[in-house]
Every structure is written in structure tokens, then in C-alpha cells.
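S.K.: Could you work out the structure for the sequence below:
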Amino acid sequence: MKISEMLFNEAFEFVDNSIFLEDYIIGYGLTAALLSDGRCGVSYTLREDTLGKCEEFFKCTSSTGNPVSKIDVGMSVRKILKIGAFSPEPLTRSVAYAVLNSVFYYDESKYLKGDITKFLDVSFDDTVGIVGKIEPLIEYLKPIAWDVLVFDRNRNSEDVLPDWAIVDLLPKCTVVIITGATVVNGTIDWILKYVDTKRVVIVGPSTPLVKKMPVKLLAGVRVLDPKKLFKLIAHGAGTRKIIAERLVEKVVIKGGIF
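M.R.: Numbering: from 1, shown residues only. The predicted structure is shown next:
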């Protein structure tokens, strides 16, 4: 079963037809969703996959010429997940995964609080593969690991390898750290095919906090102040800013692989 299918099925266990989308916002870096019961979640905005048009989320679907979106405020969460969890439309999918992540903020007792660096067991014997250019982790790991290999779809420096290098090099890594954005864009299943270690972590605000994920650790965020979070995302804030402003807190849970 694909991870998107597992998450879709799991979400339905924690939400019924009475829960609806209270509000959402699509920012340059992040997308956020607030549910009617107060749960709030964050997702990466898949902006690299958009066409750069002014109307990609709202599309004209009626004779009146008034553009409408497939997802809207007031829509039930279950309907949104059916529409967006497998959508090929980048912004529709971004909102759907913010909604999905909102659903999983239901049990605070399971969270271990703190940055993922507190829970990583990395030594100079390890080759660490990082999928997604997660700069704070890269800088933390370089002095303590034998090697750090960084892979990204959008290669922008000599220190970053193209994502197709994953096929040959990721199996050589003894620790693998994957950005949660890969869950949103659906590449996570392909990436995990080339992992040859149980020491796998998914990190970032897009990370779904679901114990059934086939990794060792999941490091995401818990939203503390949805109102201020929405405002800051509307002003162009990304992950570092919402953490620095203490609008979210970093949390970690154990996944399904030990």
C-alpha cells in the first residue's frame, strides 16, 4: 500500500462527517489548515510544481465566469481528503495535506518534545543521506558524521546531488533523513525503495505524525497559535520563522520501524 493510501485510510479513523474546514491559507513556503474542532496543521506549498499562473487554485468551472476551487471553507474534512489526497494539482494537494496533518494532532501524550538532533544517534562511522536541502541538519551533521550526502529535486549548488543520484548512493547511507515535503509530493514511496537501513527519519512541518509510517522517527510540529500562524504565513514566513516566533513547537514520535 502506498503511503498516501495509508495516511488517507488512517485519517478517516480520527475524523467524522461533522468536522469541516474552518479556514486555510496558501503561503509562498507553507500552507496551513484549521479544522472546526480547533486542530491545525501545516504542509509544504508545492510551488515548484505550479505553472506560475495567477489562477491555479481557483479555476473557472461555470458559465458565470466566477472561478471556484475544488476545496473550500465549510467543506467536510472527509470530502477534502477524497478530493485532494491523491490530486495531481500542486495547490489542491498542498491544502489537502495541511488538512491531513491537522487530523493527526489528536493525542499530545505521544509526543517527545524537542529538535530531532536530540534523538539522532549519529557517529563518525555513519554516512548520512539527506533528501531535501535541510540546512540546519546539514550543518549539524557535517562535523559528526563520516559523510553527508544531500539530494534535492531542485539542485542549486555543488554540495547538492540531483535526486536521480538517490538510486545509486542512498543504499550506501547508514542514516537517512527525508524531508516531509516528499510525503506531500508523493515521492516518499520511490525514495524508500532505495533505503537500506532502519535508521530513517522524516522531518519538517509537513511530516504526518502517524505511528504506522515505515520509518524509525517522525519529527514534525504542533501548532500552538493558529491565528498568528495564519498571519505570519500570509506575510511569507517559512519554517524557521514560525519556529522562531514560537507559533509551533517541534515534536517527535516513533514510527513503525525499530
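
S.K.: all contacts plus neighbour counts: C-alpha atoms, from now on.
M.R.: Noted.

S.K.: Now residue 138. Nearest residue, chain neighbours left out?
M.R.: residue 148 (7.2 Å; Cα to Cα, 6 or more residues apart in numbering).

S.K.: Specify the beta-bridge partners of the one you found.
M.R.: Beta bridges link residue 148 to residue 128 when assigned by DSSP bridges.

S.K.: so what pLDDT did it get?
M.R.: According to the prediction, residue 148 has pLDDT 96.

S.K.: My guess is it contacts residue 130. True?
M.R.: Yes - between residue 148 and residue 130 there is a contact under Cα atoms under 8 Å: 7.2 Å.

S.K.: the more surrounded of those two?
M.R.: A side-by-side neighbour count of residue 148 and residue 130, using other Cα atoms under 10 Å, places residue 130 first with 27 against 22.

S.K.: State which helix of this protein is the longest.
M.R.: Across the chain, the longest stretch assigned as helix under DSSP state H is helix 90-103.

S.K.: re earlier: what do residue 148 and residue 130 both touch?
M.R.: Listed as contacting both residue 148 and residue 130 by Cα atoms under 8 Å, 6 or more residues apart in numbering are residue 138.

S.K.: Give me the number of neighbouring residues for residue 96.
M.R.: Residue 96: 29 neighbours (other Cα under 10 Å).

S.K.: That should have said residue 112, apologies.
M.R.: So residue 112, with other Cα under 10 Å, has 15 neighbours.

S.K.: Any idea what it is bridged to?
M.R.: residue 252.

S.K.: Contact partners for residue 30?
M.R.: 42-45, 233, 237-239.

S.K.: Kindly apply the preceding question to residue 166 instead.
M.R.: Counted by Cα under 8 Å, 6+ apart, residue 166 has contacts 151, 191, 194.

S.K.: ok, and the most crowded of the residues you listed?
M.R.: Using other Cα under 10 Å as the neighbour test, the contacts of residue 166 are led by residue 151, with 24 neighbours.

S.K.: Quick check: what element follows whichever strand or helix holds that residue along the chain?
M.R.: Secondary structure assignment for residue 151, by DSSP states H and E: strand 147-152. Using DSSP H and E, the next helix or strand after strand 147-152 towards the C-terminus is strand 160-162.

S.K.: Can you give me the distance of residue 96 to residue 78?
M.R.: 10 Å (Cα to Cα, to the nearest Å).

S.K.: thinking again about what came up before, for the strand holding residue 151, output the C-alpha coordinates as CSV.
M.R.: Taking C-alpha atoms only, strand 147-152 is exported to CSV below (Å, rounded to 0.1, in the frame of the first residue of the first chain):
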residue,chain,number,x,y,z
ASP,A,147,30.0,11.9,5.2
VAL,A,148,26.8,13.8,4.5
LEU,A,149,25.1,13.3,1.0
VAL,A,150,22.4,15.8,0.2
PHE,A,151,19.9,15.1,-2.6
ASP,A,152,17.3,17.5,-3.9
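
S.K.: chain center to that strand: distance?
M.R.: 19 Å (Cα atoms, centre = their mean, to the nearest Å).

S.K.: Tell me the confidence at residue 106?
M.R.: 64.

S.K.: Going along the chain, name the strands of the stretch 1-150 of the chain.
M.R.: Along the stretch 1-150 of the chain, the segments classed as strands by DSSP state E, counting those that start in this stretch run 21-26, 30-35, 40-44, 58-60, 67-69, 112-113, 127-131, 147-152.

S.K.: mind listing the helices for the chain?
M.R.: Counting by DSSP H, the chain has helices at residues 3-11, 77-84, 90-103, 135-141, 166-169, 181-185, 188-192, 226-234, 239-244.

S.K.: so which of the ones you listed comes closest to residue 35?
M.R.: Closest approach to residue 35 among the helices of the chain is made by helix 90-103 (7.1 Å; Cα to Cα).

S.K.: The closest one versus strand 40-44: what angle between them?
M.R.: Taking axes from the mean of the first three to the mean of the last three Cα atoms, to 10 degrees, one finds helix 90-103 and strand 40-44 inclined to each other by 140 degrees.
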